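please find the sequence and the predicted model below.
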Amino acid sequence: MISSNQPKCLTALDRPNSYIGQSVPRPNLARLLQGRGQYVSDLVLPRMIHVAFVRSLHAHARISAINTEAARAMPGVVAVVTGRELADVVTPWVGVLSHLKGLKSAPQHAMAIDRVCWQGEAVVAVLASSRALAEDAAEAVEVSYEELPAVTDMRSALDPATPAIHPDLGDNLAFERNHDAGAVDAAFAEADEVVEVEFVFGRHTGVTLEPRSVVADWNAGERRLIIYQGTQAPHMVQNIAAKHLGLAEQQVRVVCKDVGGSFGIKVHIYADEMATYGLAKLLRRPVKFVADRVESFNTDIHARDHICKGRIAVNRNGSIKAFEIDDLTGIGSYSMYPRTSAIEANQVVNLVGGQYTTPNYRARARVVFQNKNVTCQYRAVGHPIACSVTEGLVDLAARRIGMDPVQIRRLNLIGDDAYPCASPTGLRFEALSHHASLQKLLQMMDYDALRAEQARLRGQGIHRGIGLASFIEVTNPGAAFYGVGGARISSQDGVTVRLDAAGSVTCYTSITEQGQGSEAITAQIVASGLGVSIDRVRVVLGDTDATPYGGGTWASRAAGIGGEAALQSAKMLRGNILQVAAAILQARPEDLDISDNAVVDPSSGERKIELSELARIVFFRPDTLPPGLQPEMVATRHFVPREYGFAFTNGIQASWLEVDTATGFVSLLNHWVVEDCGTVINPQLVDEQIRGGVVQGLGAALFEHCIYDERGQLTNANMADYLVPMAAEMPDIAVGHVVTPTKESELGAKGAGEAGTAGAAAAVANAVNDALSPFGVSITEIPLTPRVILSALGRI
Amino acid sequence: MKAPAFSYVRAESVEHALELLSRHGNAAKILSGGQSLLPALNLRLAAPAVLIDIGRLDELRGIKLRDDVVTIGALTRHADLLTSEEISASLPLLRKAAAHVAHPAIRNRGTIGGNLAHADPASEFPACMLALDARMVIRGEGGERRVNARDFFRGIYETALEPHELLAAIEVPRPQPGSRTYFHEFVRRSGDYAMTGLAALAHVDGAQLGDLRLSYFAISDRPHLARATSHLVGVEITAERIAEAQAELDAELDPPDDQQASAAMRRHFARLLLFRCVADVLGRPELAMEAVR
Ligand SMILES: Cc1cc2nc3c(=O)[nH]c(=O)nc-3n(C[C@H](O)[C@H](O)[C@H](O)COP(=O)(O)OP(=O)(O)OC[C@H]3O[C@@H](n4cnc5c(N)ncnc54)[C@H](O)[C@@H]3O)c2cc1C
């Protein structure tokens, strides 16, 4: 399955038996396909009990009474615990970060105490010998509520007449950011044309195949809490759990085995998960919480939900003069902990217009509370909004001045020779490839032929459209994201590589695997850096007792940061091994190398000593080694990029689709992506990351929507009514690459996890508007449902 | 999302099932393919005390053609309808429709009897049965009775079945030679329940329609047989005739509003389906083009 015709992208690492740049099958594949994965829900511990939460039926209400008597008497019930009782075990938290100036939120408890602030907030925990019995008993818990007015519409959340959800905060404004760069007013005043429009982004969520799951086990003898959880950030969970359960960090161990998809959903601290840790400690026995699908929809973080006014100034020659946005987003009733719910709006401000040359940019973002489930960081945080606004405005500007969408981009995208440079919001770009990517995309899609086909079909009443969306993506974040704001979320990662006694290699990494192939790329890098075959490398991840300390897997950082740490630790171990080999072979280390599991003469390739033989001597016959030589067969290296706050990547997507103007249905016909994530470690994994990301973006564009009614009730919290994108509706997605490695690391890899999601919806929206251009309508709302399209066409 | 506790009995024969039904009455539910019942249990929307599994009763399975009537056993699975040669040859409408019901995994378990007894107004099969003028063969301890499709569906999840009765089979008259069928539904994703759909049976007489049965689904609380077709039968079909029929159709419909489709959308889709259906069965695509304009 190793495809050999892939271009080799890594020169520094172009060692004879390098796996870098090859589509090596994932080492965990056979195990997962044979059903031998170990997900949290598979875990059964002695004396383990199950928790089901009684959840608020109201968006906003005072809890006037809780009666748990009947529930306690139900079969199998071990305990029924209220929020007030649990508050003695778990302290509350406030989801703010100091670098997001002015961000405020209210203290949040693991379970509601006297007031519920969104439908689905946990109120009472029922613990029983099975989940079914816990659910039976949960039905017997009586909670009396006094309903309070629910703040649901973000547009009126800041009106003086709207009550503040948290009266102590004074109003419903969680965060506001303003940015003004260049000469915006002058640019708008002088431009030939100004286009202004409002974009609406529906609220959606990242539907993971495996729901959020925790088993918490308090070992009173050891005074240690073991948390088995599908999380993206084990060390962050360790820190937060310890902090709020009054434990020292070393009293908490987080074990993260297989995870069935995360997409950012599993990088946060959820109240019900904190409650589960607390319940295990309170009851001194293992407690399992596995969210069911309805709970997932009601409590997994949601995302987007923005209304963004955008303005663009353009001259008739195609020169873009300025961008201006005014973004409003509703984040639910608390700012999420510990990463906060202001990051998405902050990203929108950061990113709008970032691929273009104009220095004139003004932005305002306001983040408001509502009585709904919280929103927070979901795959591509802010990017889809920034990209849809920017690229939507650019297309509208092009249409206004009668210019082809390709041409306006050619004229305004930052030149490939302009780096390093910075955006109007001060983001520093090391090296991007907008024009090379655009050129490659046009070739892949055969743009001119598609335009001709579009024109021909229009004559037959068939309305097809082409949409382009260029984007920039934040990857490999350093401390700038969270560390500087006071959150104990590591931005560095570490890898330990160990040569074992039989000559095989065990590697411990602080990045985590959610199904995307972290384990595979780590094995590839270590095998390449060390000179061993990949089947000799075993990767261990997801255990705070075992791996080096690190951030985990989020924000498209695992390959770029954890990958570099893997490379450097492998190289260091290689050096150590060669030192020993040199002593054994009476040669100089620099005249030796490791290749194909043996120490070799690099010029002739002659095998000098097998690693297994070297290991035998090191571990069992050290007496034969020269005196004073102490072999170190373990090496650890850490890495975090220091020069740039983020490694920006870039790319461009295109959508080709057909709109049935009689029915409002959109058929996606084709989708192309060209992206530049620097060094491609495993082409197949990168391409599938892109495709998966695109599919989530297409879901946002056409299907996915958390629909709340005016009373704050989520009305489609199930898989029948919340429409995830499915295979039959998805187009073929062709992926191409331009490779601009980052010079911050030897590996040169940037992130690729979010690029697909960043631009897919923008490409679709632009294509729909292109298809509908003969009708003189343009739609700036997603999801683009048949209802939205039929209404815009005036057919209903 | 765990079902509340229930008792489970596997029926050994139809008589046994009927006896269990009359013993437990409303507290019991028949379990066929389980594709509607089990999700309802898991969501705790239903909590029957007893499930009577009829899944092993071979006498309720199979497709037979005799004297121009196709008899389909209640336990015939959606997947069987898709692959059966008798169905392809005699009831192409059912075959077309089956391809739109859910996804392969569900079609491998879901049964026609369960589907019709469940009577989801957005389901494809009840509308097909109405278009085909089928009869439901119902068994109770007192014996067997037959109910026409038009009387069988009584509302959302409501049928003419009494709690102690079992749907045993469906008898479908084989359409006359030369009849044509049309099936289309508007769904957001393939396999979803429809926003509006149409199952139609037409008899074409030269350039005219000898008979036209337009059976809409997801437009009312039960499948709806359009009366507006009277404008189209036995006359020369022109865009004006179709427009008249559409106006009439609009007047007879009172569609619901829901998340996927507003009432206005459903009316729009129903009118469009009328146009597309007539154009299709008459082989006159230009009629459908006019509808778009
Ligand atoms: C994801 C999903 C998508 C679906 N999409 C569609 C779709 O697009 N279109 C569609 O039509 N259906 C759809 N279905 C439903 C599917 O077709 C079911 O199979 C069908 O509705 C019920 O058939 P069943 O045999 O599974 O019945 P069961 O679930 O076993 O029973 C359903 C109900 O009928 C009663 N019942 C069953 N058999 C009999 C009988 N012989 N006599 C009397 N009462 C009986 C039961 O007591 C129960 O109340 C979908 C289901 C799922 C899970």
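Sure thing, it's come through. All of these numbers come straight from a predicted model, not from anything done at the bench.

could you use CA atoms for every contact and neighbour count after this?
OK.

please parse the chain into its domains.
You didn't pick a chain, so chain A it is. Domains of chain A are assigned by automatic domain parsing as A:29-37+A:492-639, A:41-148+A:211-259+A:265-299, A:383-474+A:646-792.

meant chain B, my bad for not saying
As given by automatic domain parsing, the domain ranges for chain B are B:7-53, B:58-173, B:179-290.

want to throw the ones you listed into JSON lines with mean neighbour count and mean pLDDT?
Formatted as JSON lines, these follow (neighbours: other C-alpha atoms under 10 Å in any protein chain shown; pLDDT from 0 to 100):
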{"stretch": "domain B:7-53", "mean neighbour count": "18", "mean pLDDT": "96"}
{"stretch": "domain B:58-173", "mean neighbour count": "20", "mean pLDDT": "97"}
{"stretch": "domain B:179-290", "mean neighbour count": "19", "mean pLDDT": "95"}
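
so which of those domains is nearest chain A?
Nearest to chain A, of all these, is domain B:179-290, at 5.9 Å by C-alpha to the nearest C-alpha.

how far off centre is the closest one?
Domain B:179-290 sits 16 Å away from the centroid of its parent chain (C-alpha atoms, centre = their mean, to the nearest Å).

how about stretch A:610-628?
45 Å.

check contacts around residue A:362.
Residue A:362 makes contact with A:178, A:179, A:180, A:181, A:184, A:323, A:324, A:325 under the criterion C-alpha atoms under 8 Å, 6 or more residues apart in numbering or on different chains.

so which helix or strand takes in it?
Residue A:362 belongs to strand A:361-368 when assigned by DSSP states H and E.

now swap in residue A:189 and tell me
Using DSSP H and E, residue A:189 sits in helix A:184-190.

now do the residue of chain A found nearest chain B: how many residues are near it, please.
Nearest residue of chain A to chain B: residue A:132, at 5.2 Å (C-alpha to the nearest C-alpha). By other C-alpha atoms under 10 Å in any protein chain shown, the residues close to residue A:132 number 20.

sec struct for it, please.
At residue A:132 the chain is in helix, as set by DSSP: H, G, I helix; E, B strand; the rest coil.

chain neighbours aside, what residue packs nearest to it?
Setting aside the residues directly before and after it, residue A:132 is nearest to residue B:2 in space (C-alpha to C-alpha, 6 or more residues apart in numbering or on different chains), at 5.2 Å.

for my notes, confirm the one you found occurs in a helix.
No: under three-state DSSP, residue B:2 falls outside any helix and is assigned coil.

check which helices and strands the biggest helix by length in chain A sits against.
If you go by DSSP state H, chain A has its longest helix at helix A:563-585. Applying 3 or more C-alpha pairs under 8 Å, 6 or more residues apart in numbering or on different chains; DSSP states H and E, one finds that helix A:563-585 makes contact with strand A:493-499, helix A:518-530, strand A:593-595, strand A:634-639.

can you list the buried residues in that helix?
Neighbour counts over helix A:563-585 (16 or more other C-alpha atoms under 10 Å in any protein chain shown) mark A:563-582 as buried.

do stretch A:721-734 as well
Residues of stretch A:721-734 classed as buried: A:721, A:722, A:723, A:724, A:725, A:729, A:730, A:731, A:733, A:734 (neighbour count, 16+ other C-alpha under 10 Å).

for those residues, which one is nearest residue A:665?
Among those, residue A:729 lies closest to residue A:665 (C-alpha to C-alpha), at 11.1 Å.

who's in contact with the closest one?
Going by C-alpha under 8 Å, 6+ apart, residue A:729 touches A:667, A:668, B:189, B:190.

can you pick out the most distant pair from those?
Distance extremes for those: the farthest pair is A:668 and B:190 at 13.5 Å, using C-alpha to C-alpha.

and the residue of chain A found nearest the ligand, how many residues sit next to it?
Closest residue of chain A to the ligand, C-alpha to the nearest ligand atom: residue A:720 (6.9 Å). Residue A:720 has 10 neighbours, counted by other C-alpha under 10 Å.

what's the distance between it and residue A:704?
12 Å (C-alpha to C-alpha, to the nearest Å).

then residue A:403?
Applying C-alpha to C-alpha, one obtains 32 Å for the distance of residue A:403 from residue A:704.

the two: which is more packed in?
Higher neighbour count among residue A:403 and residue A:704: residue A:704, with 26 against 16, using other C-alpha under 10 Å.

pretty sure the more buried one is touching residue A:204, no?
Yes: judged on C-alpha atoms under 8 Å, residue A:704 makes contact with residue A:204 at a distance of 5.7 Å.

before we move on, back to that, just put the domains of chain A in a markdown table and tack on mean pLDDT.
A markdown table is the format used below for these (pLDDT from 0 to 100):
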| stretch | mean pLDDT |
| --- | --- |
| domain A:29-37+A:492-639 | 96 |
| domain A:41-148+A:211-259+A:265-299 | 98 |
| domain A:383-474+A:646-792 | 97 |
